[in-house]
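Peer 1: could you look at this predicted model? Sequence included:
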Amino acid sequence: MTKQYEVSVDSTEILKYIENKKNNEEFQILTDITAVDYIQQYECFEVVYIMTSITKNIRLIIKAKLMQNKSIESLCDLYPCASWLEREIYDMFGIKFHGHPDLKRILTEYDFEHHPLRKDFPLTGYHEVHYNINAEKITRRPVRLPIEYRDLNSQSPWKGSTYDEDKNVDSD
């Protein structure tokens, strides 16, 4: 059974910490890098690194908190596979990786201005893209929704089922 450990590391020390784990503790594989947006916290982003040591049968989850508009060191020189993972995080969250050799969008269009996995990004997006048959080209227009649909603190209009607590259901 694989052992799993979780540790928090200061974002300014992440490169040194992971380099030490790779070189001295046999964490050969960078399994994944992802991010989480905690919109209401001061350090609103958390970059999560998952590393694996095959020889020791250990999975290590490393978390580094990051303030908005701050960058974090790239792992591309240590793990070449980090290139695509960091580009995806940049594209989806807007987190910049200092020292990345080719930090550009990977999933959205190059002229896309926002980062769709951030909590402040509206579910509907900002623009609607469609094919204009008369102009014979793809055009975009602003999404027009009432402002209440863009409120991050609104309660969900979807309600769960209500049950009458006085009724007992017997299973035979």
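Peer 2: Received it, and whenever you're ready, just let me know what you need. Numbering: from 1, shown residues only.

Peer 1: only C-alpha atoms from now on, for both contacts and neighbour counts.
Peer 2: Fine.

Peer 1: pLDDT at the residue nearest to residue 105 when sequence neighbours are not counted, what is it?
Peer 2: Among residues not flanking residue 105 along the chain, residue 91 sits closest, at 4.9 Å (CA to CA, 6 or more residues apart in numbering). Looking at residue 91, its pLDDT stands at 96.

Peer 1: ok so residue 91 is a helix residue?
Peer 2: Yes - under DSSP: H, G, I helix; E, B strand; the rest coil, residue 91 sits within a helix.

Peer 1: who does the lowest-mean-pLDDT helix or strand in the chain touch, helix- and strand-wise?
Peer 2: Across the helices and strands of the chain, mean confidence by mean pLDDT, DSSP states H and E is lowest for strand 127-132: a mean of 81. Contacts defined by 3 or more CA pairs under 8 Å, 6 or more residues apart in numbering; DSSP states H and E place strand 127-132 against strand 137-142.

Peer 1: the strand it packs on pairs with which strands, parallel or anti?
Peer 2: strand 127-132 (antiparallel) (DSSP bridges).

Peer 1: against residue 95, how distant is residue 74?
Peer 2: 11 Å (CA to CA, to the nearest Å).

Peer 1: which pLDDT value goes with residue 145?
Peer 2: 64.

Peer 1: ok, the one 4 residues further on next?
Peer 2: Reported pLDDT at residue 149 in the predicted model: 53.

Peer 1: most centrally placed residue in this protein?
Peer 2: Nearest to the centroid of the C-alpha atoms of the chain, with distances taken as CA atoms, centre = their mean, sits residue 35, at 3.4 Å.
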